[in-house]
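1. fold the following.
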Amino acid sequence: MLRKYLPELRKRSQEVQRPQNMFDMMESFFNEPFTRAPFGEFSYPQVNVSEDEKEIKVSAELPGMDSKDLDISIRQDNLILQGEKRFEDEEKDKNYHRIECSYGSFYKTVPLPAEVEADKVKAKFKDGVLTVTMPKAESAQRKKIEIESS
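-> Numbering: from 1, shown residues only. Below you'll find the model as predicted:
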């Protein structure tokens, strides 16, 4: 993802990467579980989905982004999050030794546990956290049934 911004990394990625020393090997071994999920890469952004009787709430951490770089929509029973985190390289003469922040575009589909009223969805973006609140449709809300005793 960053290789197009960093020519030095692009050159190195084409070569066979071998650990320089034991410390490099150990660092790579211990970082691997955090950079790759068992069934593929982590999808970005990671989200929390919660619900109560009246609404569904989805929150996503998007550090370093601005609300104008995000696009949110609802299709069928899915919340679609898409956007782009731009690489801002103001220090053009610096050689980076390590970059762990992710940059680039993303597209994530979040399945919703119930039908929602799409025209009443509200989204807030504050301090790098996007919170989308979706009221459940009347048909999806749980209704309590009174039991008559005889």
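2. so where is the chain shaky, pLDDT-wise?
-> 1-20, 25, 28-43, 87-94, 96, 98-100, 102 (pLDDT under 70).
3. would you map the strands across it?
-> Secondary structure of the chain (DSSP state E): strands at 47-51, 55-61, 70-75, 78-85, 104-111, 122-126, 129-135.
4. mind putting these into a markdown table with mean neighbour count?
-> Quick note: C-beta positions are derived from backbone N, CA and C, even for glycine. As requested, the strands of the chain are exported to a markdown table (neighbours: other C-beta atoms under 10 Å):
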| stretch | mean neighbour count |
| --- | --- |
| strand 47-51 | 14 |
| strand 55-61 | 18 |
| strand 70-75 | 14 |
| strand 78-85 | 18 |
| strand 104-111 | 13 |
| strand 122-126 | 12 |
| strand 129-135 | 18 |
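5. out of those, nearest to Glu27?
-> Closest to Glu27 of those is strand 104-111 (C-beta to C-beta; 23.7 Å).
6. can you list the domains in this protein?
-> Domains of the chain are assigned by automatic domain parsing as 1-42, 45-140.
7. one step back: want to try JSON lines for the strands of the chain, with distance to Gln141 as columns?
-> JSON lines is the format used below for the strands of the chain (distance: least, C-beta to C-beta, whole Å):
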{"stretch": "strand 47-51", "distance to Gln141": "11"}
{"stretch": "strand 55-61", "distance to Gln141": "9"}
{"stretch": "strand 70-75", "distance to Gln141": "17"}
{"stretch": "strand 78-85", "distance to Gln141": "18"}
{"stretch": "strand 104-111", "distance to Gln141": "19"}
{"stretch": "strand 122-126", "distance to Gln141": "18"}
{"stretch": "strand 129-135", "distance to Gln141": "9"}
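8. show me the one of those strands that comes nearest Arg142.
-> Here strand 47-51 is closest among the strands of the chain (C-beta to C-beta), at 10.4 Å.
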